[in-house]
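Undergrad: no FASTA, just this:
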């Protein structure tokens, strides 16, 4: 279904024309009827001569209510530009047309209303004026039809022209991700909260759970209506009234968005492509305060110019929009920028990145934005993975405002071309993975040079220096090992072929083992050991990492063979008596109480034994030594 939106100056007959075409008065507020002026959005629908059903959004024409007009303009597929024949082009005619142009609305019809009030010569002059105005806009191909709601002149021709525009306009894009900017909220006695809006993409179904962005509220769709008809499913482009369970009237407002939970990001900054109107009063500079209209929301914001110091009238450029308050935003969404004082539309464009992470003048970031703006989902996906981070299918779908199935197809294609690498349930760009490989090799090599007595670099230290997220580190490490970049050694990693460790000082290590072997169950203290073996603490620490010696206390080291023998004797005592005491282990090993106590306290810490009063019983890891 498609949406026709009116546009034009106040009192040019937009609402009267909609009323005459549809039989429905779009002015629903008592204040509108009293003043004879449209203040807020009005809605109607129409069956065209071809049988096509369309929704109609009628907008206010007064300059004070342009923000209300913008709340409904984002969902327009076909424009119905209304110009009164007795007045011609007026200020809001131009501003509304500027907005339609910035929103890239390319299909529509210009209606010259009140044709009964002027003669043919004057009507032709107004037609020429409107044609000249449209010539440089997105509506340059729009037919111009004189009409009168008093005499019905031109109404059949207008309907035919609208029918043709509807037929040629592309169907609303269905990205598979439903999102509906809310433009009206009210309650119905006995039913509860109702939110209305134009469904921009995807489908909504009765019973479906939805999220209210940016509020984060969850609700369930109780019923759906389109054109006051109950439906089980609403399709893209439809005007929808959703009766919601689980949220109160005061928990929703115009500017919110109904989406599938987790599918749309709440943001305070986005990167975008901006077009400045040719008649803007000045160049837009960095730090300019503006009002941004996106979806049905209006947010105060400042602009950061990314590739230049300014963007002049009629020019385009990359910007970052920094919102004063959170807003729901999607890649590809159109927005309008207006000066807050004096109120004036000056620019508009499309959101490209809803998760920017870069410095203002980063050239690579600008290249990435160019890729993200591509109409090819594969190219946009590749651009989304061009940063040094990994993303899951779900994260990519939210970033690119599409469904996971489409993302999976794009990722498969990119993986086949070698442009992405899968790491567990996440993905990284191929160029970035190559960079990670190079960084890992350099970091490990540097560590090995600085710590020759160690068998390798601790895995966690490598992860932190690469700035890799813990959630996918196991998969990344496995990929680095599988590609032969590094090899694992327990909790360490090393380059292939690296020996390191105590092998570099084997003579000293052998002297340490010889000293410990003189009295294996009553070894000398640490300082005595170092003096007798003529070595230093770094070698002793390296031998402990290699497992040649075991530290069981602050200053007590056992050779590996003596350590395993004492564990074996401890297990024998446990099997024989069900428990072991310090005295029993002392006697079994022929050592002193000092060493037996330190050893059992060490086994308690390793959960091989467990202390109960003055005795030890088997611990949770005793079975491994049985």
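TA: That came in fine, so what should we check first? The model shown is predicted, which means the values in this text are computed figures rather than measured ones.
Undergrad: roughly how far apart are the residue most central in space within the chain and residue 226?
TA: With distances taken as C-alpha atoms, centre = their mean, residue 399 lies nearest the centre of the chain, 3.8 Å away. Counting by C-beta to C-beta, to the nearest Å, the separation of residue 399 from residue 226 is 30 Å. Every residue, glycine included, has its C-beta placed from N, CA and C.
Undergrad: Is the residue nearest to the centre of the chain part of a helix or strand, or is it coil?
TA: Using DSSP: H, G, I helix; E, B strand; the rest coil, the three-state assignment for residue 399 comes out as helix.
Undergrad: How is the protein partitioned into domains?
TA: Each domain of the chain is listed here as a residue range: 2-168, 179-259, 265-363, 503-625, per automatic domain parsing.
Undergrad: From one end of the shortest one to the other, what's the distance?
TA: I take that to be domain 179-259. 5 Å (C-alpha to C-alpha, to the nearest Å).
Undergrad: do stretch 452-469 as well
TA: By C-alpha to C-alpha, the extent of stretch 452-469 from end to end equals 28 Å.
Undergrad: Not counting its own residues, what contacts the longest helix belonging to the chain?
TA: If you go by DSSP state H, the chain has its longest helix at helix 430-450. Residues from elsewhere that reach helix 430-450 (C-beta atoms under 8 Å, 6 or more residues apart in numbering): 385-388, 414, 418-421, 428, 454, 456-457, 461-462, 465-466, 468, 476, 480, 483, 485-486, 493-495, 498, 500.
Undergrad: Toward the C-terminus from it, list the very next helix or strand.
TA: strand 457-458 (DSSP states H and E).
Undergrad: chain center to that next one: distance?
TA: The chain centre lies 34 Å from the centre of strand 457-458; the measure is C-alpha atoms, centre = their mean, to the nearest Å.
Undergrad: which other residues reach it?
TA: 443, 444, 447, 448, 451, 491, 492, 493, 494.
Undergrad: residues touching residue 254, list them.
TA: Contacts of residue 254 by C-beta under 8 Å, 6+ apart are 71, 182, 183, 184, 185, 296, 297.
Undergrad: What's the separation between it and residue 296?
TA: Counting by C-beta to C-beta, the gap from residue 254 to residue 296 is 5 Å.
Undergrad: list the residues that contact both of these two?
TA: Joint contacts of residue 254 and residue 296 (C-beta under 8 Å, 6+ apart) are 71, 182, 183.
Undergrad: pLDDT score for the nearest residue to residue 239 once chain neighbours are set aside?
TA: Distances taken as C-beta to C-beta, 6 or more residues apart in numbering place residue 55 nearest to residue 239, at 3.9 Å, with adjacent residues excluded. If you check residue 55, the pLDDT there is 90.
Undergrad: repeat for residue 596
TA: The confidence metric pLDDT takes the value 94 at residue 596.
Undergrad: and the longest strand for the protein?
TA: strand 316-329 (DSSP state E).
Undergrad: Measure how buried residue 258 is and give me the count.
TA: As a burial measure, residue 258 scores 26 neighbours (other C-beta atoms under 10 Å).
Undergrad: That one falls within a strand, correct?
TA: Yes. Assigned with three-state DSSP, residue 258 falls within a strand.
Undergrad: Give me the distance between the residue nearest to it when sequence neighbours are not counted and residue 219.
TA: Residue nearest to residue 258 in three dimensions, not counting chain neighbours: residue 180, with 4.4 Å by C-beta to C-beta, 6+ apart. Distance of residue 180 to residue 219, computed by C-beta to C-beta: 12 Å.
Undergrad: Have a look at those two and say which one is more surrounded.
TA: The residue with more neighbours, out of residue 180 and residue 219, is residue 180; 28 against 23, by other C-beta under 10 Å.
Undergrad: Please look at the more buried one and residue 257 and confirm they touch.
TA: Yes. Residue 180 lies in contact with residue 257 (C-beta atoms under 8 Å); the separation is 6.6 Å.
Undergrad: returning to that earlier point: and the longest strand of the chain, what's buried?
TA: Going by neighbour count (16 or more other C-beta atoms under 10 Å), the buried part of strand 316-329 is 317, 318, 319, 320, 321, 322, 323, 326, 327, 328, 329.
Undergrad: what do you get for stretch 136-154?
TA: 137, 138, 139, 142, 143, 144, 145, 146, 147, 148, 149, 154.
Undergrad: any chance of the contacts of residue 254 in TSV, plus secondary structure, neighbour count and pLDDT?
TA: What follows is these, written out as TSV (DSSP: H, G, I helix; E, B strand; the rest coil; neighbours: other C-beta atoms under 10 Å; pLDDT from 0 to 100):
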residue	secondary structure	neighbour count	pLDDT
71	helix	26	75
182	strand	24	93
183	strand	25	89
184	strand	19	89
185	strand	19	91
296	coil	25	89
297	strand	27	91
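Undergrad: Kindly reformat those as TSV containing distance to residue 508.
TA: Below are these laid out as TSV (distance: C-beta to C-beta, whole Å):
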residue	distance to residue 508
71	79
182	75
183	79
184	82
185	79
296	76
297	71
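Undergrad: re the thing from before, out of the shared contacts of residue 254 and residue 296, flag the one nearest to residue 101.
TA: The closest of those to residue 101 turns out to be residue 71 (C-beta to C-beta; 18.3 Å).
Undergrad: Pull the contacting residues for that closest one.
TA: 41, 181, 183, 254, 255, 293, 296, 298.
Undergrad: switch the cut-off to 10 Å
TA: 40-41, 57, 59, 65, 181-184, 197, 254-255, 293, 295-298 (C-beta atoms under 10 Å, 6 or more residues apart in numbering).
Undergrad: returning to that earlier point: which one of the domains of the chain lies closest to residue 370?
TA: Closest among the domains of the chain, once you apply C-beta to C-beta, is domain 265-363, at 8.6 Å.
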